[in-house]
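Chemist: What follows is a predicted structure for the sequence shown.
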Amino acid sequence: MSKIPYVVRRGDTLYFRIRVPVSLQDVVQRREIVQTLSTQNRQQAIPIALELASEAKVIFNKLSRDMTDIKDKRHLEAIRQKLKAKDIIHQEEMEQKDLEKLREARSVKRETISKAENNVLKQMLLSGGRSVTPKKDIVKDKLETPKLTFVIDRYKKECGLGAPTLTKYDASYSVMVELMGDISVGKIDNFDILQLFVEICDLPNSMPNKKQRKKRGLKLRSLIDDNDGDCIHIKTFNSYKSNIKLLVEWAKKRYRGAFKDVNVAEVKYDGSRTAGELGQRSFNDSELEVLFRSKEMRSYCDSGKLVHKFWLPVIGLYTGARVGEICQINPDKDILEDKGTGIKYFLISQDTESAPDIDKSVKSGTSRVIPIHSRLIELGLFSYTDALKKAGHKRMFPLDKPRDRKAGGNTARNFTRYIEDVRLKDITKNKRIAGMHAFRKTIITKAYRERFIKGLLPIVGHEDDVRDETGKLLPDVSSDYIDSEAMKVPLHEKKKTIEKVVFDIDFYKPVKPIFKK
């Protein structure tokens, strides 16, 4: 590991460390300052450590300057009043008798000021890298539990989660603040939390986001009162529950009396929606025929500006990949050829270079490869991807704007509109046809029926599950006896498996795409 200024590792945690100047070691009463950075991530630790070092050096310089520049009583009194205003020293220390003694002895003056400044230094280090001004905020954190918005902001800064995850969490926390109010977390008890989730459960199924609500002047309680349709789904409810639970558990360890007696784990969903009702089914053969042989699809295939609307569903049909995984593919970095076998494949990874306007992600967090089906090659996939590369694009469908830095949001929505246009949308609970995920269900179902499910599961992203030749999950006690290398499926075997995916569809021949550089 390359050396980072002011950062040291102890065990699994990174720490900030700075040496105290020799002239101040007697005053500060230590040779160095060490403070945990509460993270194992070097990229997160570096800016915090640099900020701590900057603030520490400012205080070191002020300590040195104040020890030499105190020349008269007026200057001493100004410093004392400044310290008093910041609550750095206690009121009782400002009694007249002590003040007269401090004025009489210059050495006492220096010692008192040094201790006061040292207190500032300690508080700054305890703040985790953030400024210690104003001092009253720090004292208030310790003596009184802070307000909900303060705790949420501090949690988001210190939890170490990435921006996409925090965006999801923030949606839950904005609902929490609006329904509960920005009150002290010390005043929130278990009854308050239970009532919060009663209201969350009553939120409408199709609810505008925070930005939309603000723009339209909508209040959550009004949406709850006016809702005469479905409430939120149990999966959405559990997402709120999980996000709020993490915040509560963190705050309990940070602030005395925060969320006293609160137990989010005991919260139960009280709505009418069931876990399985949002499940999608697979396309049947007649539906696939309608989807790929409609007049709308023909217009897409005949237009260089619209042909990308053909490539999304056909790639989904022959890979089973999630829509976000398909859309974020970088044609230059994620479409590769194996040198040993000559097999061309998609690399599904969040670690390769992404387009500048998106953040790549893989649900499992693990990269995988999908051999490119021969049918996709016959239809002209590489003509499409070569045009993307020539125009300098780094994602598969650059004409669709990303949403929340996700490549698939608007592209998936456009496909949903398409299946509505060709009357394929099915809203039957637990048997829906609602979007791209139905392709994933289609290919997996096909593999199960035709007895090659075991070979397909690693291709669609279930390679972490150890299964027998019929596709059934093996118990841990059995999988522990299998060498990890034996669990990895070679690329040539994946290629054989993917070629078993056959659909009797007479696709329209897509034209070459038109992309602007």
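Modeler: Looks like it came in fine.

Chemist: Give me the domain ranges for the chain.
Modeler: Residue ranges for the domains of the chain, per automatic domain parsing: 7-141, 148-277, 285-498.

Chemist: I'd like these laid out as CSV, including mean neighbour count and mean pLDDT.
Modeler: Just so you know, the C-beta spots here come from the backbone N, C-alpha and C atoms, and that holds for glycine as well. Converted to CSV, the domains of the chain look like this (neighbours: other CB atoms under 10 Å; pLDDT from 0 to 100):
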stretch, mean neighbour count, mean pLDDT
domain 7-141, 15, 59
domain 148-277, 16, 87
domain 285-498, 17, 88
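
Chemist: With distance to residue 512 as new columns, can the ones you listed be given to me in a markdown table?
Modeler: Conversion of these to a markdown table gives the following (distance: least, CB to CB, whole Å):
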| stretch | distance to residue 512 |
| --- | --- |
| domain 7-141 | 41 |
| domain 148-277 | 34 |
| domain 285-498 | 6 |
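
Chemist: Please identify which of those domains is closest to residue 510.
Modeler: domain 285-498 (4.4 Å; CB to CB).

Chemist: Strands of this structure, residue ranges please.
Modeler: Secondary structure of the chain, counting by DSSP state E: strands at 7-10, 13-19, 32-36, 335-337, 344-348, 368-371.

Chemist: list the helices and strands the longest helix that the chain contains packs on?
Modeler: Scanning the chain for the helix with the most residues, using DSSP state H, yields helix 42-69. Taking 3 or more CB pairs under 8 Å, 6 or more residues apart in numbering; DSSP states H and E as contact, the helices and strands that helix 42-69 lies on are strand 7-10, strand 13-19, helix 25-28, helix 106-126.

Chemist: That helix vs strand 32-36, what angle?
Modeler: On the basis of axes from the mean of the first three to the mean of the last three CA atoms, to 10 degrees, helix 42-69 is oriented at 150 degrees to strand 32-36.

Chemist: relative to strand 13-19, how tilted is helix 42-69?
Modeler: Here helix 42-69 points in a direction 20 degrees away from that of strand 13-19 (the same axes, to 10 degrees).

Chemist: end-to-end on stretch 178-194?
Modeler: Between the opening and closing residues of stretch 178-194 we find a distance of 15 Å, counting by CA to CA, to the nearest Å.

Chemist: starting at the chain centroid, how far to it?
Modeler: Stretch 178-194 has its C-alpha centroid displaced from the chain centroid by 25 Å (CA atoms, centre = their mean, to the nearest Å).

Chemist: Quick check, central residue of this structure?
Modeler: In the chain, the residue lying closest to the centroid (CA atoms, centre = their mean) is residue 165, at 1.6 Å.

Chemist: Quick check: that one vs residue 324, distance?
Modeler: Counting by CB to CB, to the nearest Å, the gap from residue 165 to residue 324 is 15 Å.

Chemist: again, but for residue 226
Modeler: Taken as CB to CB, the span from residue 226 to residue 324 is 33 Å.

Chemist: Then residue 462?
Modeler: To residue 324, residue 462 is 17 Å away according to CB to CB.

Chemist: How about residue 15?
Modeler: When distance is defined by CB to CB, residue 15 is 37 Å away from residue 324.

Chemist: quick one, helices of the stretch 151-300 of the chain?
Modeler: In the stretch 151-300 of the chain, the segments counted as helices under DSSP state H, counting those that start in this stretch are 163-180, 190-201, 210-216, 220-226, 234-254, 285-293, 295-301.

Chemist: Dump these into TSV; add distance to residue 19 as well.
Modeler: Converted to TSV, the helices of the stretch 151-300 of the chain look like this (distance: least, CB to CB, whole Å):
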stretch	distance to residue 19
helix 163-180	34
helix 190-201	46
helix 210-216	46
helix 220-226	52
helix 234-254	29
helix 285-293	68
helix 295-301	66
